[in-house]
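**Student:** The sequence isn't on hand, but the structure is:
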């Protein structure tokens, strides 16, 4: 049996070149698939007769599966290997999104309706896709943490995960919004096709053991560990605030401006595109050029995002909505590398898989309650979920500005963040 924390030394004596771009490509395609659905969820639900709260439940179940399975996936990626985990996850994602598209078509035709339609949506989009997406980011994060030879390279790799997520948000909003102009089924059919491309690439090109770095018994990381909890708390607050806005964005657009389903999909796609563009700009320009450490990235990013949340509250012109979403994306895109990279520099090698899963749990937890709560609050008063998001973002900004550990600096802040990945 392999001792805990030990690696299997390759017989060739020379480790193969890390396949970080391929791993980032898998992350990109999965998040592209997810983001491509966001512009059409609201008009689709109304066309097939689902209530706002049912959409919220579906997304919350997906996030719940991330909470339940992320730590398992993160640790298994170190004990089983990256390729088996990614192939299984991408196959599950491709299958469930294809079934989701088929079910949506049956719903629009009136063949499957009511409770049966809702429950099957929860099974395919919630349980199935949520379980699949939970594996991809933790596996990529654990891989990057293991193959990067020093703290600076590790931080650059972690920033790459945030960068591809930002690009995926831009591309997903563009793909989903433009295809929604053709018809609501177009983006639904495009998603499984994109995921099938990712599945094929990973199955064919990813080496089964990249650095023969299997760890038989990866260590668990407690969420209360002093090295990581401040970052996890910050991430929890950031993404909960985002969750209160993201799910109701389509409803806000349709109700504020009185648009039909196709126009709603286009404008919602434009708003999400602005958020993704802001995130991509942060990852490609702000973070690489600043060289800021994790705590400073969190402070600046949270304050910028807070401005975006405040601008989103009033019912104003469409341009203000676009600017607000762009600022939210810019702020969160700046803060994300600090949130992810900071704790990875503070834990040991055999803890990286557990930490990656814990970050996945944190991200998923934010979307367990937020979608259901935000859609329920929206039914009471449309601006209410946006107000709640703004209050949460203000609380997070206060925490990162005043917490003594961030002001003193921690182990996770030993290296600057944001230089390009080699």
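**Tutor:** Nice, thanks for sending it over. The model shown is predicted, which means the values in this text are computed figures rather than measured ones. Numbering: from 1, shown residues only.
**Student:** Low-confidence stretches in the chain?
**Tutor:** Residues of the chain meeting the criterion pLDDT under 70: 1-18, 149-156, 166, 170, 209-219, 349, 407-422.
**Student:** now with 50?
**Tutor:** Where the chain drops to pLDDT under 50, the residues are 1-15, 210-212, 410-422.
**Student:** for it, which helix is longest?
**Tutor:** Secondary structure of the chain per DSSP state H: the longest helix is helix 151-182.
**Student:** and that one, what other elements does it pack with?
**Tutor:** Applying 3 or more Cβ pairs under 8 Å, 6 or more residues apart in numbering; DSSP states H and E, one finds that helix 151-182 contacts helix 20-47, helix 129-147, helix 185-205, helix 261-281, helix 287-290, helix 318-344. Bear in mind the C-beta positions are built from the backbone N, C-alpha and C, glycine included.
**Student:** Swap in 6 Å and give it another go.
**Tutor:** Helix 151-182 is packed against helix 20-47, helix 129-147, helix 185-205, helix 261-281, helix 318-344, with contacts defined by 3 or more Cβ pairs under 6 Å, 6 or more residues apart in numbering; DSSP states H and E.
**Student:** Which of the ones you listed sits closest to residue 177?
**Tutor:** helix 261-281 (1.8 Å; Cβ to Cβ).
**Student:** For residue 118, find the nearest of the helices and strands packed on helix 151-182.
**Tutor:** That would be, of the helices and strands packed on helix 151-182 and by Cβ to Cβ, helix 20-47, which comes in at 9.7 Å.
**Student:** starting at the chain centroid, how far to the next helix or strand after that closest one?
**Tutor:** The helix or strand immediately downstream of helix 20-47 is helix 52-79, counting by DSSP states H and E. Here helix 52-79 shows a centroid-to-chain-centroid distance of 11 Å under the convention Cα atoms, centre = their mean, to the nearest Å.
**Student:** Against residue 249, how distant is residue 38?
**Tutor:** 8 Å (Cβ to Cβ, to the nearest Å).
**Student:** Report how many residues lie close to residue 197.
**Tutor:** Residue 197 has 15 neighbours, counted by other Cβ atoms under 10 Å.
**Student:** Contacts made by stretch 161-181 with the rest, please.
**Tutor:** 24, 27-28, 31-32, 35-36, 39-40, 140, 186-187, 190, 262, 265-266, 269, 272-273, 276-277, 279-280, 283, 333, 336-337 (Cβ atoms under 6 Å, 6 or more residues apart in numbering).
**Student:** how many degrees apart are the longest helix of the chain and helix 185-205 in direction?
**Tutor:** Calculated by axes from the mean of the first three to the mean of the last three Cα atoms, to 10 degrees, helix 151-182 forms an angle of 140 degrees with helix 185-205.
**Student:** just to revisit the earlier point, please identify the deepest-packed of the helices and strands packed on helix 151-182.
**Tutor:** Comparing the helices and strands packed on helix 151-182 by mean neighbour count (mean count of other Cβ atoms under 10 Å), helix 129-147 ranks first with a mean of 27.
**Student:** Touching that one from outside, list them.
**Tutor:** 18, 23, 26-27, 30, 62, 65-66, 69-70, 73-74, 77-78, 82, 85-86, 89, 92-93, 96, 154, 157, 161, 211, 213, 344, 352-353, 356-357, 360.
**Student:** What's the separation between residue 44 and residue 179?
**Tutor:** Distance of residue 44 to residue 179, computed by Cβ to Cβ: 12 Å.
**Student:** got it, and residue 379?
**Tutor:** Remark: distance between residue 379 and residue 179 (Cβ to Cβ) = 28 Å.
**Student:** What of residue 260?
**Tutor:** Distance of residue 260 to residue 179, computed by Cβ to Cβ: 16 Å.
**Student:** which one of these two has more residues nearby?
**Tutor:** More neighbours surround residue 179 than the other of residue 260 and residue 179, with 22 against 9 (other Cβ under 10 Å).
**Student:** For the more buried one, which non-adjacent residue is closest in space?
**Tutor:** Once flanking residues are discounted, residue 179 sits nearest to residue 186: 3.8 Å by Cβ to Cβ, 6 or more residues apart in numbering.
**Student:** wait, which of the helices and strands packed on helix 151-182 is closest to residue 103?
**Tutor:** helix 185-205 (9.4 Å).
**Student:** what comes into contact with that closest one?
**Tutor:** For helix 185-205, contacts defined as Cβ under 6 Å, 6+ apart pick out 22, 26, 29, 32-33, 36, 40, 86-87, 90-91, 93-94, 97-98, 101, 104, 176, 179.
**Student:** Going by contacts, tell me the helices and strands next to the helix or strand following that helix.
**Tutor:** In the C-terminal direction, the helix or strand that comes right after helix 185-205 (DSSP H and E) is helix 229-246. Counting contacts by 3+ Cβ pairs under 6 Å, 6+ apart, helix 229-246 is packed against helix 318-344, helix 352-380, helix 384-402.
**Student:** one more time with 8 Å, if that's ok
**Tutor:** Helix 229-246 packs on helix 294-312, helix 318-344, helix 352-380, helix 384-402, going by 3+ Cβ pairs under 8 Å, 6+ apart.
**Student:** I'd like the next helix or strand past that helix.
**Tutor:** By DSSP H and E, the next helix or strand past helix 229-246 is helix 249-257.
**Student:** Nice, that's everything, thank you.
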